[in-house]
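Student: got a predicted structure plus its sequence, pasted below:
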Amino acid sequence: MIRIFLERICIPFTILILFYAPLSAREPEWVSEQKKAIVTISIEDREKRQVASARGFVVDRKGIMATDCSIIRKWFEKVEYRIVVMAEGGGNLPFDDLVSKRCENNLALFRVKAQDLAAIQVSGDNILEKGAPVFLFPETGMEPPSEILIKDAIARGKVYRLSWPISPGLSGSPLFNAKGEVVGAAVLLSGKGKTSSAAVSLSPVLRQLDIRPEPAKSVIIKSVAPKEAEKKISDAESYVELALAHYKEGRYTDAIAAYGKALKIKPEASIYKKLGSIYLIRGEYGKACDTFKNATGLSQDDASAHFNLGLACFLSGDKKMALEEYEILRKIDAERARSLRELME
C-alpha cells in the first residue's frame with residue numbers, strides 16, 4: 001500500500017518537474033569561449049549598495065556591449081546612481097558612455113573602457129523561430145547552460161515569448177543556438193502591471209553598430225598638452241577636437257568649456273548636441289534640456305536632437321516638454337519616438 005501511495009505521489013511530481021524546469025544540456029564545446037563575452041551589470045547608489053542588476057554581452061571587441069534597456073532606465077532614475085560592469089571571470093570594466101539610447105526590442109548599447117574583449121559570435125541568419133531551442137547561462141560561471149524554447153510571437157521576426165520565465169538578474173542575457181552562435185537576447189517586457197520573458201532579435205543592435213561614428217580624432221592632444229594646444233586654437237573644429245579629447249579623459253568641465261568656445265565661433269546644432277550629451281552624463285538635466293533646445297532650434301528636423309531634448313526634459317521633471325518632443329518625433333522618426341516613450345514609462 002505504501003509503495004502504491006508513493007508511486008501515485010512521485011510520478012505526477014516528476015512530471016511537474018520535467019514540465020516546469022528548463023532542460024539541462026550536456027556542455028557543448030562552445031561554452032568556455034562564449035561565456036567570456038557575458039557581463040553582469042549592476043546599478044549602485046552612493047554607498048555602493050546594489051539597487052538593480054542585469055546581464056549584458058560584448059558585441060564588439062572594442063568594448064561595445066548590449067543589455068536590457070530596463071537597467072539603463074534604472075541608472076537614469078537618480079543622479080547618484082552609477083553603472084558597474086563585471087566580467088565573467090571577475091574584475092570590473094570601467095563604464096564609458098551610452099552608444100545609443102534607442103531601445104528597439106528593449107536593447108541598448110553602451111561602451112566600456114576596454115579593448116580586445118571576447119565578443120559573441122552572431123548567427124549568420126540571426127533569425128528567431130517558434131519552437132526552436134535556445135541556450136541561456138542560468139548564472140555566471142554555471143555549467144551547462146539551460147535549454148529553453150522560443151514560443152509564440154509577440155512581434156513576428158522580432159519578439160517571441162520564452163518557455164521559461166527569467167529573473168531580472170538574467171535580463172539582457174544572450175541566447176545561443178546549439179552551435180554556440182547568438183540568435184537573440186532574453187529580456188523582460190513590462191506591460192499592464194506585469195512582466196513577461198521574451199526572446200528578442202539582435203537586428204536593431206547590429207544595425208546601430210554598422211552606423212556608429214568613428215572615434216573622434218585627438219591630433220592636438222598627441223602633439224602638445226591640452227593647455228598648450230588651447231593657446232594655438234582659433235577655429236571651432238579644433239575646439240571641438242580638444243573638447244572630445246578632454247571628454248575621453250573624463251575631464252568633463254574642460255570639455256564643456258572647450259565646446260562653449262567652439263559655439264562662440266560657430267554655433268552649430270552638432271556642437272550643441274555634443275555639449276548636451278555631456279550635461280546628460282553629469283546629471284545636469286536642466287542644462288542638457290536648454291542645450292538640446294538650441295540644437296533643435298538650429299536643426300528642426302534632427303531626430304536625435306529631439307530625442308535627447310525629450311529625454312533631458314523628462315529627467316529634469318519637465319514632462320510636458322518631453323511629451324511635446326515625443327509628438328514631434330512621431331512625425332519625423334517613429335522608431336525613435338517609440339524608444340523615447342519606452343524610456344519615459
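Tutor: Now that the structure is in, tell me what you want to look at.
Student: surely residue 85 is within a helix?
Tutor: No - assigned with DSSP: H, G, I helix; E, B strand; the rest coil, residue 85 falls outside any helix and is strand.
Student: isn't it right up against residue 112?
Tutor: Yes - using C-beta atoms under 8 Å, residue 85 makes contact with residue 112 at a distance of 5.5 Å. Glycine gets a C-beta too; all of them are placed from N, C-alpha and C.
Student: now for these two: what residues contact both?
Tutor: Residues touching both residue 85 and residue 112 (C-beta atoms under 8 Å, 6 or more residues apart in numbering) are 65, 93-95.
Student: by neighbours, which of those wins?
Tutor: In terms of neighbours by other C-beta atoms under 10 Å, these top out with residue 65 at 28 neighbours.
Student: quick one: secondary structure of it?
Tutor: Classified using three-state DSSP, residue 65 is strand.
Student: ok so, going back, which of the shared contacts of residue 85 and residue 112 fall in helices?
Tutor: Counting by DSSP state H, none of the members of the shared contacts of residue 85 and residue 112 fall within helices.
Student: pass me the low-pLDDT residue ranges in the stretch 201-345 of the chain, would you?
Tutor: Scanning the stretch 201-345 of the chain for pLDDT under 70 picks out 210-234.
Student: and with 80 instead?
Tutor: 204-235, 247-250, 281, 343-345 (pLDDT under 80).
Student: only C-alpha atoms, please: export the helix or strand hosting residue 153 in PDB.
Tutor: Following DSSP states H and E, the helix or strand that holds residue 153 is strand 146-155. Coordinates of each C-alpha in strand 146-155 appear next as PDB, following Å, rounded to 0.1, in the frame of the first residue of the first chain:
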ATOM      1  CA  SER A 146      20.000  25.500 -19.900                       C
ATOM      2  CA  GLU A 147      17.900  24.800 -22.900                       C
ATOM      3  CA  ILE A 148      14.600  26.700 -23.300                       C
ATOM      4  CA  LEU A 149      12.200  27.100 -26.200                       C
ATOM      5  CA  ILE A 150      11.100  30.000 -28.200                       C
ATOM      6  CA  LYS A 151       7.300  30.100 -28.100                       C
ATOM      7  CA  ASP A 152       4.600  32.200 -29.800                       C
ATOM      8  CA  ALA A 153       5.400  35.500 -31.500                       C
ATOM      9  CA  ILE A 154       4.600  38.900 -29.900                       C
ATOM     10  CA  ALA A 155       6.000  40.700 -32.900                       C
END
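Student: now what about it, what contacts it?
Tutor: 22-25, 128-138, 159-164, 189, 198-199.
Student: and the next element down the chain from that strand?
Tutor: Moving toward the C-terminus from strand 146-155, the next helix or strand (DSSP H and E) is strand 159-162.
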